[in-house]
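In: I'll drop the sequence and a predicted model, then ask my questions.
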Amino acid sequence: MLRTALAAAGDSPGYPMALGTRELRTAAAGWLQRRLGVTLADPLGADPSVVPTIGSKELVALMPTLLGLHEGTVVIPEVAYPTYEVGAVLAGLAVRRTDTPPDDAAGIGLVWLNSPGNPHGRVVPDETLRAWVAWGRAHGVPVVSDECYATLGWDVQPRSLLHPAVAGDDHTGLMAVHSLSKQSTAAGYRAGLLSGDPALVRRVWEVRRHLGLLVPGPVQAAMTAALADDAHVDAQRERYRGRRERLAAAIRATGARIDHSEAGLYLWVTRDEDCWATVDWLAGLGIVPAPGSFYGPAGQRHVRFALTAGDERIDAAVTRLRNAS
Ligand SMILES: Cc1ncc(COP(=O)(O)O)c(C=O)c1O
């Protein structure tokens, strides 16, 4: 379905709009409403409340730069996807790792949240999201939530930072990042979204235009089609669910423990030993997880299994783990 929409829009020799087509912004606003219960301010207004991005990794890495931060600190989760730190370092900023609002806001220019989280699949509870909203607004610091696994809740339904139960009726100071990579298996299309506070989205969008960070027209057409169709997302979700159940059972059968992992695409596994000892053990079985230390010092005793491998690879891992149990 994405491929058909992409091909049908193939005759696109002109520059695409950084803002996104009206059709795409309308489809994105509809998706946010339908799937996440988020009502955007006018997505077609002069200050856009949603714009497309070239996947979400570039946006995450460039966010401090796009917001014009040149000094100070970026807050990132205690155990975090590395690109938040990369973006801070790129802009010459310091990083502070915390999962709760700090007492001292001095120098903090941006807060990143990630729920469901990579690598541990943890969902940030509503009361913590609300605490960050209140903290950000009290200190005039933008809070941006990376929600690229938002449609992949298993034991817990993830809540968007922009949901009215968290943000109230206006999105001042708040933005959310979404991606089609996982839910539509479209990582190769590079298709993401930034939404929320129209003033902040406008600031980011205006810089993106001048940097030439434009989502190609055919990809915008494919995104429009994907965001209007829940069936393929639900079908993919069931594939992930099956992999998760098979893999989790095999991991537990070895005596290892799975922490968090209530949502998203990862299993956060520990044998209560240094992650490199677990990596060694798994490498001996022909299985390569990500060592938890890649994601920060607090990840030192975990490894991350990804559900993004194909069914055949997951089943091979399950057999090897079962044989080692
Ligand atoms: C937390 C998180 N954010 C962002 C991304 C980037 O995804 P993409 O650039 O494909 O949208 C990933 C990819 O794995 C991720 O785990």
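Out: Cool, got the structure.
In: buried stuff in stretch 307-318?
Out: Going by neighbour count (16 or more other CB atoms under 10 Å), the buried part of stretch 307-318 is L307, A309, I314, A317, V318. The way it works is simple: take the backbone N, C-alpha and C, and place the C-beta from them, glycine included.
In: Go through the residues you listed and flag the one the model is least confident about.
Out: Minimum pLDDT across the buried residues of stretch 307-318 is recorded for A309, with 92.
In: Next, the contact list for that residue, please.
Out: Contacts for A309 were tallied using CB atoms under 8 Å, 6 or more residues apart in numbering; they are R243, A317.
In: Report the secondary structure state of it.
Out: At A309 the chain is in coil, as set by DSSP: H, G, I helix; E, B strand; the rest coil.
In: Check what pLDDT the nearest residue to V207 once chain neighbours are set aside gets.
Out: Counting by CB to CB, 6 or more residues apart in numbering, L66 is the residue found nearest to V207 once chain neighbours are left out, at 4.9 Å. Looking at L66, its pLDDT reads 98.
In: who's in contact with L66?
Out: Applying CB under 8 Å, 6+ apart to L66 gives the contacts L59, R203, V204, V207, R208.
In: Looking at the buried residues of stretch 307-318, which is nearest the ligand?
Out: Checking the buried residues of stretch 307-318 against the ligand with CB to the nearest ligand atom, the nearest one is L307 at 11.7 Å.
In: Do I have it right that that closest one meets L265?
Out: Yes. Using CB atoms under 8 Å, L307 makes contact with L265 at a distance of 4.7 Å.
In: shared neighbours of these two, which are they?
Out: Common neighbours of L307 and L265 (criterion: CB under 8 Å, 6+ apart): Y240.
In: So what's the residue count around R35?
Out: R35: 16 surrounding residues under other CB atoms under 10 Å.
In: What separation do you get for it and L193?
Out: 12 Å (CB to CB, to the nearest Å).
In: Show the low-confidence segments of the protein, by residue range.
Out: Within the chain, the set of residues satisfying pLDDT under 70 is empty.
In: State which helix of it is the longest.
Out: Selection of the longest helix in the chain by residue count, based on DSSP state H, yields helix 231-253.
In: Send me that one as CSV with only the CA atoms.
Out: Output of helix 231-253 as CSV, limited to C-alpha atoms (Å, rounded to 0.1, in the frame of the first residue of the first chain):
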residue,chain,number,x,y,z
ALA,A,231,-5.1,-2.3,9.0
HIS,A,232,-1.5,-2.7,8.0
VAL,A,233,-0.3,-1.3,11.4
ASP,A,234,-2.5,-3.8,13.3
ALA,A,235,-1.3,-6.7,11.1
GLN,A,236,2.4,-5.7,11.7
ARG,A,237,1.6,-5.3,15.4
GLU,A,238,0.4,-8.9,15.5
ARG,A,239,3.6,-10.1,13.9
TYR,A,240,5.6,-8.3,16.6
ARG,A,241,3.3,-9.7,19.3
GLY,A,242,4.0,-13.3,18.2
ARG,A,243,7.7,-12.7,18.1
ARG,A,244,7.6,-11.1,21.5
GLU,A,245,5.7,-14.0,23.1
ARG,A,246,7.9,-16.7,21.6
LEU,A,247,11.2,-14.9,22.4
ALA,A,248,10.1,-13.9,26.0
ALA,A,249,9.1,-17.4,26.9
ALA,A,250,12.4,-18.8,25.6
ILE,A,251,14.5,-16.2,27.4
ARG,A,252,12.7,-16.9,30.7
ALA,A,253,13.2,-20.6,30.3
